[in-house]
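In: Structural data only, the sequence is not supplied:
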């Protein structure tokens, strides 16, 4: 009985894929409804507790639609879709690992020492370095690259592998945290 169900499911997939290729929006939607829960479950198994599984599956659907014309056997849609989701998950894991490694590397680099402007500047520098050290690696990296390396928001976004909006948010929250830390000591 299970073999018959599998054959019927593959035949249904073949029909839905053929319709989606022909531009039938109704059949394309049915294909998404049929496979979305399975693909999301697959992404969650691969990514573990990562909350970005839904985003990965969404990106996978874009890749699926783009590659759908190259699918030779419509009935093999499941294998085809799982392979794309697996690749997208691997890319997400790789990006997360690179981001963590970059954050750790940037956090390990000591901040350049600003030239003292007046007597007591050494105390100010020590307070600033301590306040920067208390920030999250992402915020500290954004602030250091912006102020000490004179990089633009776009350049920082490329360097850290995050969207420009994330850089702006990290700068805003980092400045607020520094302000609070430095004003709290006065």
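Out: Done, it's in. All values derive from a computational prediction rather than experimental measurement.
In: biggest helix in the protein, by residue count?
Out: In the chain, with assignment by DSSP state H, the single longest helix is helix 77-108.
In: Now do the nearest residue to residue 35 once chain neighbours are set aside against residue 160, distance only.
Out: What sits nearest to residue 35 in space, not counting adjacent residues and going by Cβ to Cβ, 6 or more residues apart in numbering, is residue 81, at 5.8 Å. The C-beta positions use only the backbone N, C-alpha and C, and glycine is treated the same way. Look at residue 81 and residue 160: by Cβ to Cβ, to the nearest Å, they are 31 Å apart.
In: if you count what's nearby, which of these two comes out ahead?
Out: More crowded of residue 81 and residue 160, by other Cβ atoms under 10 Å: residue 81, with 26 against 21.
In: Residue 43 is in contact with that one, correct?
Out: No. Contact criterion Cβ atoms under 8 Å: residue 81 and residue 43 do not qualify, at 11.0 Å.
In: I'd like to know how far the residue nearest to residue 35 sits from residue 140.
Out: From residue 81 across to residue 140, the span is 40 Å (Cβ to Cβ).
In: try residue 65
Out: To residue 140, residue 65 is 40 Å away according to Cβ to Cβ.
In: more crowded one of those two?
Out: residue 140 (23 against 14).
In: quick one: low-confidence ranges for the protein?
Out: Counting by pLDDT under 70, the chain shows low-confidence ranges at 1-4, 109-122, 185-186.
In: OK, contacts around the residue nearest to residue 13 when sequence neighbours are not counted?
Out: In this structure, residue 13 finds its nearest non-sequential neighbour in residue 77, 4.3 Å apart by Cβ to Cβ, 6+ apart. Residues near residue 77 by Cβ atoms under 8 Å, 6 or more residues apart in numbering: 13, 14, 16, 17, 31, 35, 71.
In: Kind regards, and thank you for your time.
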